[in-house]
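**Student:** Here is a sequence together with a model predicted from it:
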Amino acid sequence: MIDKALMNTYGDRSATLVKGEGCWLWDSAGKRYLDGLSGIAVCGLGHSHDSISAAIAEQASKLSHCSNFFDIPGQRELAEELCMVSGMDKVFFGNSGAEANEAAIKIARLYGHNRNIKTPTVIVMDNAFHGRTLATLSASGSRKVQAGFEPLVSGFVRAPFNDTDALKKIAENNPNICAVLVEPIQGEGGIIMPAKDYLYNLRKICNQNDWLLMLDEVQTGNARTGKYFCYQHAKILPDVVTTSKGLGNGIPIGACLAGQHAAEILQPGNHGSTFGGNPLCCAGALAVLKVIREEDLMLRAGRVGKLIIQKLKHELSDVEHVLDIRGLGCMVGIQLDRPCKSLFSQALESGLIINITADCVVRLLPPLIMTDEQTDILISILSPLIKKFDRD
Ligand SMILES: Cc1ncc(COP(=O)(O)O)c(C=O)c1O
């Protein structure tokens with residue numbers, strides 16, 4: 001259905017979802033769906049989690065918003081908690097992933113100017129996705145996202161993902177580079193996993209060249225891959241980390257975290273946001289962090305992902321058109337050999353919510369709280385559809 005009063009940015013939207021509980025969603029006709037997408041990596045704790053609903057309701061009854069002219073205790077507390085789980089030193093709050101990345105790009109530019117680089121330039125990757133604002137779509141590596149919005153924002157050079165030699169070449173030829181912005185796993189790009197030592201090598205190159213290492217953990221963060229942040233698998237520390245999505249479990253919040261050489265770069269007057277870090281969003285996000293800790297959801301995310309990948313590999317091992325099944329934690333991609341958009345509506349029809357990205361990849365981003373039994377239900381719906389798709 002295309003609405004008369006809404007700009008048609010999302011195309012035709014088939015179901016009207018009206019209720020959610022745990023890993024289940026219901027539409028307006030009462031039909032139930034298993035959620036294999038978490039609202040695109042947002043509702044990691046599932047829907048209508050009691051602790052989150054209670055924290056939001058309680059804060060809303062006291063104070064939702066007051067502006068950043070005033071001290072906000074929950075904002076300070078949330079920043080401290082995020083620093084503790086990340087190893088970073090300071091946090092700026094915005095409202096979305098794109099805004100978190102905008103803050104990172106501004107930090108990189110100031111960092112460059114502070115080092116007398118006249119045109120500070122950030123290395124970004126082929127196939128990357130960093131958002132839909134002008135700077136973040138310019139940083140993204142997808143023509144689809146950029147087309148029609150030229151002139152693009154300058155100050156980016158592009159490199160192939162997962163190729164550190166290419167970065168070494170750029171270092172030799174471009175004295176204007178001040179930072180690298182990269183997703184630890186490319187989500188929108190098709191769950192593209194780099195080599196295990198990629199982040200470690202990136203850290204080394206950044207150190208050698210005095211570049212900031214800036215990781216976009218908007219999708220991979222907040223326990224989704226089995227650690228609080230994905231870079232923690234690689235045992236490195238970036239200079240800047242951006243996150244959003246799962247941080248609020250549905251409350252719109254984004255955060256740009258900075259440590260080492262980057263934490264003190266933004267100073268009064270450099271950046272701001274009316275809503276960023278308001279009492280309501282911070283209360284919701286603080287509750288999310290508490291639940292992740294108390295329910296041991298990093299561990300759970302790792303197990304859910306492993307189970308799903310194991311079962312998919314078992315079911316689909318001899319399906320010719322399945323080229324690869326990959327992922328980490330609750331980020332799973334099934335690479336098919338041709339566009340598979342129709343699988344979205346077929347899955348929906350069968351009571352399962354999935355996503356198709358990069359044309360040929362079935363992307364699963366289930367809630368971190370998914371039970372073993374629910375992973376069985378997910379596989380029992382999805383595998384036959386993929387097998388049948390193979391035969392179509
Ligand atoms: C890695 C990454 N960065 C940035 C964004 C943009 O986030 P938002 O849509 O909240 O602006 C996304 C959204 O999918 C993302 O996956």
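**Tutor:** The structure has been received and is ready for your questions.
**Student:** And the helices in the protein?
**Tutor:** All helices of the chain, identified by DSSP state H, fall at 38-41, 50-62, 73-86, 97-114, 134-139, 143-146, 164-173, 198-209, 279-294, 297-316, 342-349, 372-391.
**Student:** Nearest to the ligand, out of those?
**Tutor:** Distances from the ligand to each of the helices of the chain were compared using C-beta to the nearest ligand atom; the minimum, 2.3 Å, belongs to helix 97-114. The C-beta positions use only the backbone N, C-alpha and C, and glycine is treated the same way.
**Student:** on contacts alone, who are the packing partners of that closest one?
**Tutor:** Of the remaining helices and strands, those touching helix 97-114 by 3 or more C-beta pairs under 8 Å, 6 or more residues apart in numbering; DSSP states H and E are strand 90-94, strand 121-125, helix 134-139, strand 177-182, strand 212-216, strand 240-243, strand 254-258.
**Student:** residues from the stretch 201-350 of the chain in reach of the ligand?
**Tutor:** Among all residues of the stretch 201-350 of the chain, those adjacent to the ligand (criterion: C-beta under 6 Å from any ligand atom) are 216, 218-219, 244.
**Student:** Please convert the helices of the chain to a markdown table, extending it with mean neighbour count and mean pLDDT.
**Tutor:** Formatted as a markdown table, these follow (neighbours: other C-beta atoms under 10 Å; pLDDT from 0 to 100):
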| stretch | mean neighbour count | mean pLDDT |
| --- | --- | --- |
| helix 38-41 | 22 | 98 |
| helix 50-62 | 15 | 98 |
| helix 73-86 | 18 | 98 |
| helix 97-114 | 24 | 98 |
| helix 134-139 | 23 | 98 |
| helix 143-146 | 12 | 96 |
| helix 164-173 | 14 | 96 |
| helix 198-209 | 17 | 98 |
| helix 279-294 | 21 | 98 |
| helix 297-316 | 19 | 98 |
| helix 342-349 | 17 | 97 |
| helix 372-391 | 17 | 94 |
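**Student:** Tabulate those helices (CSV), appending distance to Thr9.
**Tutor:** Shown next, in CSV, are the helices of the chain (distance: least, C-beta to C-beta, whole Å):
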stretch, distance to Thr9
helix 38-41, 15
helix 50-62, 27
helix 73-86, 30
helix 97-114, 14
helix 134-139, 13
helix 143-146, 12
helix 164-173, 34
helix 198-209, 33
helix 279-294, 24
helix 297-316, 30
helix 342-349, 17
helix 372-391, 27
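**Student:** Turn the helices and strands packed on helix 97-114 into TSV, including distance to Gln374.
**Tutor:** Output for the helices and strands packed on helix 97-114, formatted as TSV (distance: least, C-beta to C-beta, whole Å):
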stretch	distance to Gln374
strand 90-94	33
strand 121-125	34
helix 134-139	34
strand 177-182	32
strand 212-216	29
strand 240-243	26
strand 254-258	29
